[in-house]
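Q: fold the following, please.
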Amino acid sequence: MELHITGDPAADKLLSDDAFALLTGMLLDQQVTMESAFAGPEKIRTRIGSMDPAAIAGYDPQGFVEVFKERPAVHRFPGSMAARVQALAETVHSDWNGDAKAIWTQGDPDGKEVLRRLKALPGFGEQKAKIFLALLGKQCGLQAKGWREAAGHYGQEDSFLSVADIVDPESLTKVRASKQAAKAAAKAAKAP
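A: Next up, the predicted model:
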């Protein structure tokens, strides 16, 4: 599996090689561009020397906020997002023995179970969990029975709705256009 999400070869390689880095990128994907969110794990790894869940969970919380603030910032909300990453790291460390990949592989779970496990993670609501499940299925070789159905419309072929569909600059442009259209429709629905 080789992901092409950030436009930065080092960041994309980390996402491709490290399941916890990919999970962290998904966690960071809010109120920043997708590329910036998914480049965050490489910034963390570069600054603290590791993406190991135990190392991140055990890092001094205030020091970890400073890691997030260092320029270029890991996220535009360094305090809250650093805490969320540490909470995610603690959960992966304690509940999954430090192996993020076990969340979607341990016990040969079906798509519904993988979705349930993802939604149980700190910072992963319904939509984020479905998008991540679609990313696993579309680009990371997840074979869990029923993953497309569990991922909802994000699991559809050629939907271009989320990071799960980004494989090159052209697909990134299509995903951006669909996100902008969805935001416009939501805004129009709220208008009096």
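Q: around Ser159, how many other residues sit close by?
A: Ser159 has 18 neighbours, counted by other CB atoms under 10 Å. Bear in mind the C-beta positions are built from the backbone N, C-alpha and C, glycine included.
Q: typed the wrong thing, it's Leu27
A: When neighbours are counted by other CB under 10 Å, Leu27 registers 24.
Q: show me what the helix or strand of the chain with the lowest mean pLDDT is packed up against.
A: Every helix and strand of the chain was ranked by mean pLDDT, DSSP states H and E. The lowest is helix 169-190, at a mean of 88. Secondary-structure packing of helix 169-190 (3 or more CB pairs under 8 Å, 6 or more residues apart in numbering; DSSP states H and E): helix 34-48.
Q: what's the first helix or strand after the helix it packs on?
A: Counting by DSSP states H and E, the next helix or strand C-terminal to helix 34-48 is helix 53-57.
Q: list the contacts of the nearest residue to Pro41 once chain neighbours are set aside.
A: Spatial nearest neighbour of Pro41, excluding adjacent residues (CB to CB, 6 or more residues apart in numbering): Ala21 at 3.8 Å. When contacts are counted by CB atoms under 8 Å, 6 or more residues apart in numbering, Ala21 touches 14-15, 41-42, 45, 51.
Q: tell me the most packed of the residues you listed, by neighbour count.
A: Counting by other CB under 10 Å, top hit in those: Leu15 with 29 neighbours.
Q: what sits against it?
A: Shown in contact with Leu15 (CB under 8 Å, 6+ apart): 3, 5-6, 21-22, 25, 38, 41.
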